[in-house]
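Trainee: with the input below, show me the fold.
(one chain, ligands or ions: 1)
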Amino acid sequence: MKVCVVGTGYVGLTTGASLAFLGHEVTCLDLDHAKIEMLRRGRSPIYEPFLEDLLAEAGDRLRFTADYTEGVGGADVVFIAVQTPSLPDGSPDLRFLRKAAASVGQSVDGAFTVVVNKSTVPIGSGNWVDAILRESFEELHGRRADGEFAVASNPEFLREGSAIHDTLYPDRIVIGSDDPRSLEVLNRLYRPILDQSFTPPSFLARPDGVGAVALVATDLASAELIKYAANAFLALKISYINEIGRLAGKVGADIIQVARGTGLDARIGSRFLQPGVGWGGSCFGKDTAALIATAEEYHHDMPIVRAAREVNERQREAVVDKLLDELQIIKGRKIGLLGLAFKPQTDDLRDAPAIHIAERLIARGARVKLHDPVAAERFRTEQPELAPFLADTVDEVFDDSDAVVLVTEWSQYLELDWAKFVGLMRTPVLLDGRHALDPARLTQLGYRYLSMAGRSTPPAS
Ligand SMILES: NC(=O)c1ccc[n+]([C@@H]2O[C@H](COP(=O)([O-])OP(=O)(O)OC[C@H]3O[C@@H](n4cnc5c(N)ncnc54)[C@H](O)[C@@H]3O)[C@@H](O)[C@H]2O)c1
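Mentor: Predicted coordinates:
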C-alpha cells in the first residue's frame with residue numbers, strides 16, 4: 001500500500017521505517033528540512049536503537065520529503081504523527097496537528113485516503129481533524145469532499161529505546177474509526193504485524209512466544225480514550241510503587257522485595273513497579289495532564305490521575321530533600337548527576353527528571369556537573385542555560401564532588417569502575433535514584449549509599 005507519514009519524530013519515523021520494511025511504499029514528510037536532508041543520507045536525527053539499520057533495510061521503499069503534494073498525493077493511508085505538547089493549563093497544544101491536517105486536506109487527490117491520527121490527541125480530535133480536512137479540501141476544490149477520505153485513530157504505544165521492537169512485535173494494535181472502510185484499510189496495512197507473517201530483520205529477532213497480535217477495532221472516541229487510559233495507568237503504577245517506597249523507607253522494609261512480591265501477582269504484573277525518581281519523557285506528564293483537562297471539560301474529576309502526578313512531582317523534590325538531609329548545606333556543594341535522558345537508550349530530554357533536579361539544586365546554590373553518554377549534545381542545544389554545567393567525562397562528575405546522583409540507569413553507569421571513583425570524591429555520598437546499583441558492594445567500597453526508598457537488595461541481574 002502507499003503510505004505517507006507526516007512528522008518524522010520518534011513515532012513518525014519509527015512507523016514509516018517499519019511499514020516500509022514490511023513492504024509498503026512509504027513517504028515520510030516533515031517541515032524540518034534539516035531532518036529530511038539527514039534522513040535522505042540514511043542518518044537518523046534521533047537516537048533510537050536499530051533505527052538506522054531499519055532505514056537501510058527499507059531501501060527504496062522509503063522516501064523523504066518536505067512537500068505535501070509529493071507525500072500525500074495518491075496515498076492510501078496518511079498518518080499524522082506530529083507533536084502535541086502541553087499548554088500551560090495542561091491541555092495539549094493542537095496547533096501542529098491543525099496545520100498538518102489542513103495541509104493534508106489540501107493535498108489529498110481524489111482517491112480514497114484514510115487519514116490516521118497517530119499523535120496522542122484529546123478525545124474528540126478525530127472529528128475535529130475531519131472538519132479541518134473538509135474545510136481545507138473545500139477551500140481548494142470549491143466543492144464539498146464526498147468520500148475522498150475518512151479519519152481514523154491509531155494510537156501509538158511504543159517505548160522510546162525499544163521503539164522498533166514495540167512496533168514490529170506489539171502487545172496489541174488499536175484502530176478506531178466511525179467509517180468501516182478505514183478499519184478495513186488499516187486491517188490490511190497491519191496484516192503482516194497482526195499475523196506476524198514477515199521475516200524479522202536480522203538485527204531484531206522475533207521474541208519467543210510472539211504469535212498473532214491482538215487487534216482492537218473500535219470507534220474513534222474509544223480508540224482515543226484507550227491511549228490516555230493506558231498511559232495514565234502506567235504512570236499510576238510508577239507513582240504507586242514510589243508512594244509505597246516512601247513508606248518502605250520509613251518502616252525499614254526492602255522496596256525491591258516489596259515490588260517483586262507485589263508484581264508477581266499476575267493480576268498486578270511486575271513491569272512499571274521500579275521505584276526511583278519517577279517518570280519523565282514526552283508522554284506521561286502531558287497525557288495525564290490532558291486527561292485531567294479533558295475530564296474538566298465534562299465537569300468530571302480524576303483524583304487518581306491527579307494523585308499520580310503529585311506523587312511524581314514529589315519524587316523529584318525528594319532527591320533534593322535527601323541530599324539536603326545528608327549534606328545539610330547544599331550551597332556551594334558540588335553535586336554530580338549521572339544521566340540526563342529521561343530513561344536509558346534514548347536521547348529524549350522532554351520532561352526529564354534530571355533537568356528539574358539540576359534546576360532545583362542550582363537554585364539552592366549547588367555547583368552541579370551533568371553527564372549523559374548519549375543525550376549530551378541534544379542537551380546542549382535544548383537546554384542552553386544548563387549547558388555550561390555539562391561535564392565531558394564521568395571523572396569530571398566525581399572529581400572533588402560532595403555527592404553524585406544516578407538519575408538515568410544507562411548500562412555504562414552500572415558498569416563504572418566504582419572502586420576508582422570513590423577516591424575522587426570529597427565526600428562519597430551516592431544517591432541511587434533508580435535502585436539500580438548494588439548497595440552492599442558500594443558500601444563496602446566506601447560510599448555512603450542512599451536510595452529513594454531506603455533499604456533495598458541488589459537488583460537481579
Ligand atoms: N515519543 C513517544 O514515545 C510517543 C509514544 C506514543 C505516542 N506519542 C505521541 O506521538 C506524537 C508524536 O510524538 P513524537 O515524540 O514523535 O514527536 P516529535 O516531536 O519527536 O516529532 C514530531 C515531528 O513532527 C514534525 N512536524 C510538526 N508539525 C508538522 C507539520 N505541520 N508538517 C510536517 N511535520 C511536522 C516536527 O518537525 C517533528 O519532526 C505525539 O502526539 C506524542 O504524544 C509519542
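
Trainee: what's the biggest helix in the chain, counting residues?
Mentor: helix 220-251 (DSSP state H).

Trainee: contact partners for the nearest residue to Asp89 once chain neighbours are set aside?
Mentor: Once flanking residues are discounted, Asp89 sits nearest to Ala293: 6.6 Å by C-beta to C-beta, 6 or more residues apart in numbering. To be clear about C-beta, it is placed using only N, CA and C from the backbone, and glycine gets the same treatment. By C-beta atoms under 8 Å, 6 or more residues apart in numbering, the residues touching Ala293 are 89-92, 122.

Trainee: go on, Gly280?
Mentor: 342-343, 350-354.

Trainee: looking at those residues, which is nearest Arg306?
Mentor: Nearest to Arg306 out of those is Asp351 (C-beta to C-beta; 17.0 Å).

Trainee: Leu291 reaches Phe233, doesn't it?
Mentor: No: the criterion here is C-beta atoms under 8 Å, and Leu291 misses it with Phe233 at 10.6 Å.

Trainee: these two: which is more packed in?
Mentor: Leu291 (23 against 13; other C-beta atoms under 10 Å).

Trainee: just to revisit the earlier point, buried set for the longest helix of the chain?
Mentor: 220-221, 223-228, 230-232, 234-246, 248-249 (16 or more other C-beta atoms under 10 Å).

Trainee: list the buried residues in stretch 368-378.
Mentor: 368-376, 378.

Trainee: from those residues, which land in strands?
Mentor: Among the buried residues of stretch 368-378, the members found in strands (DSSP state E) are 368-371.

Trainee: out of the residues you listed, which one sits closest to the ligand?
Mentor: Leu370 (22.2 Å; C-beta to the nearest ligand atom).

Trainee: so that closest one bridges to which residues?
Mentor: Leu337, Leu390 (DSSP bridges).

Trainee: check whether it really touches Ala352, as I assumed.
Mentor: No: applying C-beta under 8 Å, one finds Leu370 not in contact with Ala352, separated by 10.7 Å.

Trainee: what do these two both touch?
Mentor: Common neighbours of Leu370 and Ala352 (C-beta under 8 Å, 6+ apart) are Leu340.

Trainee: contact residues of the stretch 1-150 of the chain facing the ligand?
Mentor: Selection of the stretch 1-150 of the chain residues close to the ligand by C-beta under 6 Å from any ligand atom yields 6-12, 29-32, 35, 81-84, 96, 99-100, 119-120.

Trainee: name only those of those that count as buried.
Mentor: The buried subset of those - by 16+ other C-beta under 10 Å - is 6-12, 29-31, 35, 81-84, 96, 100, 119-120.

Trainee: strands - which of these land there?
Mentor: Those of those lying in strands (DSSP E): 6, 29.

Trainee: just the ones in helices from the buried ones among the residues of the stretch 1-150 of the chain next to the ligand, please.
Mentor: Using DSSP H, those in helices are 10-12, 35, 96, 100.

Trainee: perfect, I'm done here.
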